[in-house]
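Engineer: this is a predicted model, with the sequence first.
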Amino acid sequence: MTETSTPEFALETSDEETILHVSGDWTVRTVQAVDADLRALSHTGRVVLDVSELGQLDTAGAFVLDRTARQLSDDEPEIRGQHSVADNLISQVHAVTDVEEPKRKRSGGLIDMLERTGRGVHHVLQEGVATLAFLGETMVTTTRLLLTPWKLRWTSIVAVMEEAGLDAMPIVAFLSFFVGLVVAFIGATTLRDLGSQVFTVELVGYAMFRELGVLLTGIVLAGRTNSSFTAQIGTMKMRQELDAMQTLGLKPMEVLVTPRIIAMVVVTPVLAFVGTLSGVLGGIIVSWLTLDINPTLFLDRLQNTVPIEQFWIGMSKAPVFGFVVALIACRQGLNVGGSVQSLGSKTTTSVVQAIFSIIVIDALFAIFYMEMGL
Amino acid sequence: MSDDIIIRIRDLKTAYGDHVVHEHLDLDIRKGEIIGVIAPSGGGKSVLLRAIIGLKQPAAGSIEVFGKQLETLSEDQRSEVERRWGVMFQDGALFSNLTVRENVMVPMREHTNLSEQLSRELADMKILMAGLQPDAGPKYPSDLSGGMRKRAALARALALDPELLFLDEPTAGLDPITAAAFDQLIRSLQKAMGLTVFLVTHDVDTLNATCDRIAVLGDKHVLAVGTIDELRAFDHPWVQEYFGGPRGRAATGH
């Protein structure tokens, strides 16, 4: 790196002209030092720029000189003195920057905030309508394909099942196992005060069978599978692969959405089943270690006190969760625009909507089954 | 004379796994020239560019830029070298979450002490210099056409007034009129700022309009370096076909 010296300037005013003497190096790395002082100069009249002492100059330096000259005078500056590039650079810069500043719309404050609120509300409504429309479209396509099963893309269905189902199994099992442990611990400690620790079995059984096994599976899928679906489809959209598909006569709905929906509907109950079992296993271990309820006794009591309906209630929600996760993921994926930023924001939206929907739907199920008296 | 050589490549070898891209490649680039690099598709043009700017580690050989070997430099010295060059990637590689003006301001923020106000003014000037309209500054890259994106990328490459400019396929995908305007732009910027330009291209028109010298890559090394007329006389089937084919003849007016 060559050494640079600080830029300096001096103003010499006489009756008919103002001479701006500049010296030192005026480059992108140095001009900041004199920028503020130059801005403070006021309008004078005819200006001469003396560059005989000037060191290095680049476009940044030329820009600052040109701007200062403009600020000092309305006329074209006269450049005096010899310099290898100054004349050329300054005139180049002068030529390109000699344009009207575009007027920018300035707004803010209350109106701006109201406008954003309005847009936000409108956006939420639109999202709701669009999701319902997409739901309808998906249902039509999927039903049509199910009626003509030879047209289904079995390879991609199985591939999605492996990626979203089998590969998610360890994490679902682990999480449910630990939640099972926690539920059993809570039961063991609180029920001990009442002297009825043995009810821990019922607590774990009801909680895992009816709610937690399937809810945890749904949430893991919403975080893991949902984001990956959105990113996959979104990237394809971004790189115009979807447009290419359409021109080749392939329908993205049939090729991308339906296989994912079907695979998720089939595979989520399996995951939920595994999750429920691992949760119960967690309960068994805690009961055995802290309450001296051995596994045989635990399972025996579980069979006698927790009706099998509880298990079916839980499992009945699994396909719905799988469907919702896949639906939201595909919709947001297809919504991705042309930029990387939109891919990121749609993936976030997708995960948030999926987790939100899963919890809301679970609550609706709870109310429904309660009214049914189950 | 040796001081005039800004990039010196000696006995370069680059490879991806078993696939050798370059072997025994020598090339000198002189200060203040525009050198075009041509090669058949897949001939290693872009890889050579990546090797010079340090994105691809060479398997053997040496590359000196500004008389320094990049691999031997410390982090700080390296960033010192990096701010003396500007790179324009093939499809722009603009940061899509920043506006055009912010894209141009990124190198200024990183490498200089310029105030927000001054760097904004300078960014606007670079945007204008690159031939964009003043209203392009607040737009996002996704709002721009391909040609405008290339200009914005050029503005970012020029942000720090580099001494050395790397351009990867600057005119690919542009219509002939825009491409010709871009050629002229490169030429005039090179004159105004005294740049050395390393240009990778397929475009015979660009070579003809801008380049002082042309390097032909083939068989994993540099087949020939010279002016367009020297190359036309060069006896190699690919070079002959390149400049003697219908497109080559049309572009060079023979």
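Structural biologist: On my side now, so go ahead. Residues are numbered from 1 along each chain as shown, chains lettered A, B, ... in the order given.

Engineer: going forward, measure contacts and count neighbours with C-alpha atoms only.
Structural biologist: Noted.

Engineer: where does the prediction get shaky in the stretch 1-150 of chain B?
Structural biologist: B:1-3 (pLDDT under 70).

Engineer: tell me the residues on it that lie near chain A, please.
Structural biologist: Within the stretch 1-150 of chain B, the positions lying close to chain A (C-alpha under 8 Å from any C-alpha of the partner chain) are B:80-81, B:96-97, B:112-115, B:118, B:122, B:125, B:128-129, B:134-135, B:142.

Engineer: and those, which are buried?
Structural biologist: B:81, B:96, B:112, B:114, B:118, B:122, B:125, B:128-129, B:134, B:142 (16 or more other C-alpha atoms under 10 Å in any protein chain shown).

Engineer: will you turn the residues you listed into CSV that also has secondary structure and distance to residue B:187?
Structural biologist: Supplementary listing: these in CSV, determined by DSSP: H, G, I helix; E, B strand; the rest coil; distance: C-alpha to C-alpha, whole Å:
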residue, secondary structure, distance to residue B:187
B:81, helix, 24
B:96, coil, 28
B:112, coil, 27
B:114, coil, 28
B:118, helix, 27
B:122, helix, 21
B:125, helix, 18
B:128, helix, 16
B:129, helix, 12
B:134, helix, 22
B:142, helix, 27
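
Engineer: out of those residues, who's nearest residue A:215?
Structural biologist: Using C-alpha to C-alpha, residue B:96 comes nearest to residue A:215 of these, at 37.1 Å.

Engineer: if we ignore the residues flanking it in sequence, what's nearest the closest one?
Structural biologist: The spatial neighbour of residue B:96 that comes closest, neighbours along the chain excluded (C-alpha to C-alpha, 6 or more residues apart in numbering or on different chains), is residue B:141 at 5.7 Å.

Engineer: gap between that neighbour and residue B:78?
Structural biologist: When C-alpha to C-alpha, to the nearest Å is applied, the distance between residue B:141 and residue B:78 equals 29 Å.

Engineer: which of the two has more neighbours?
Structural biologist: Here residue B:141 and residue B:78 are compared on neighbour count by other C-alpha atoms under 10 Å in any protein chain shown; more neighbours surround residue B:141, at 27 against 16.

Engineer: verify the stated contact: the more buried one with residue B:94.
Structural biologist: Yes: using C-alpha atoms under 8 Å, residue B:141 is in contact with residue B:94, at 6.7 Å.

Engineer: shared neighbours, those two?
Structural biologist: The contact sets of residue B:141 and residue B:94 overlap at B:100, B:149 (C-alpha atoms under 8 Å, 6 or more residues apart in numbering or on different chains).

Engineer: before we move on, back to that, which one of the residues of the stretch 1-150 of chain B next to chain A is nearest to residue A:238?
Structural biologist: Among the residues of the stretch 1-150 of chain B next to chain A, and counting by C-alpha to C-alpha, the member closest to residue A:238 is residue B:142, at 10.9 Å.

Engineer: show the contacting residues for the residue of the stretch 151-254 of chain B at minimum distance from chain A.
Structural biologist: With C-alpha to the nearest C-alpha as the measure, residue B:192 is the residue of the stretch 151-254 of chain B nearest to chain A, at 5.8 Å. Contact partners of residue B:192, counting by C-alpha under 8 Å, 6+ apart, are A:85, A:88-89, A:92.
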